[in-house]
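Colleague: I need the structure of the sequence given here:
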Amino acid sequence: MKILYVITGLGLGGAEKVVADLADQMTLLGHNVKIAYLTGEVLVRPTSSDVEIIALHLNSVKDFLSSSRKYQRLIKSFRPDVVHAHMVHANIFARLNRVFCPVPKLICTAHSSNEGGKTRMAAYRLTNHLADVNTNVSRNATEVLINKGAFSKHNVITAYNGIDPRKS
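Modeller: Numbering: from 1, shown residues only. Below is the predicted model:
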């Protein structure tokens, strides 16, 4: 299977580490994996050199069209079976791009109960239909985002972050 992870950035953080670990594990299982990130420096990366990391250079709103064109070229050349977006900016970006560049499956993962204010919640609500499924990393955070109207209870599940007990 071809999997494309899309994340807001690859700076130091929990979500970034989760994506890098997911990419490594999916690669070990024999999947073809790439990570596209919107902005910033790459400080967290998978250990596998088989995972290609692609910068989309979305540093401000004015970069949206050029970043979208780069993303759409990536989708057309890689042809992923699944796009799995992480964090609010990447989730909204992947959803909006799905309108012009369809993907077979789109999973959007939030990593917190605090994904932003009313504008971000409205963006989630207005684009919710573009995601096949939404996930969040805790039951409480899932409920908070449902109550804020960001996600529908019909297409969201709680998927706890996994840990590798072999790592310290």
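Colleague: excluding chain neighbours, what is closest to residue 41?
Modeller: Distances taken as Cβ to Cβ, 6 or more residues apart in numbering put residue 11 closest to residue 41, at 6.6 Å, once the chain neighbours are dropped. Heads up, the C-betas are built off the backbone N, CA and C, glycines and all.
Colleague: correct me if wrong: the one you found contacts residue 39.
Modeller: No - assessed by Cβ atoms under 8 Å, residue 11 is found out of contact with residue 39, at 9.1 Å.
Colleague: who's more crowded, these two?
Modeller: Between residue 11 and residue 39, counted using other Cβ atoms under 10 Å, residue 39 has the larger neighbour count: 19 against 15.
Colleague: for that one, pull up the helix or strand it's in.
Modeller: Take DSSP states H and E as the rule and residue 39 turns out to sit in strand 32-42.
Colleague: mind listing what that strand pairs with, with the direction of each?
Modeller: Sheet pairing of strand 32-42 (DSSP bridges) gives strand 2-10 (parallel), strand 52-55 (parallel).
Colleague: the helices in this structure, which residues?
Modeller: Here the chain has its helices, by DSSP state H, at 14-28, 64-78, 88-100, 118-127, 139-147.
Colleague: just put these in JSON lines and tack on mean neighbour count.
Modeller: Output for these, formatted as JSON lines (neighbours: other Cβ atoms under 10 Å):
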{"stretch": "helix 14-28", "mean neighbour count": "19"}
{"stretch": "helix 64-78", "mean neighbour count": "15"}
{"stretch": "helix 88-100", "mean neighbour count": "21"}
{"stretch": "helix 118-127", "mean neighbour count": "15"}
{"stretch": "helix 139-147", "mean neighbour count": "16"}
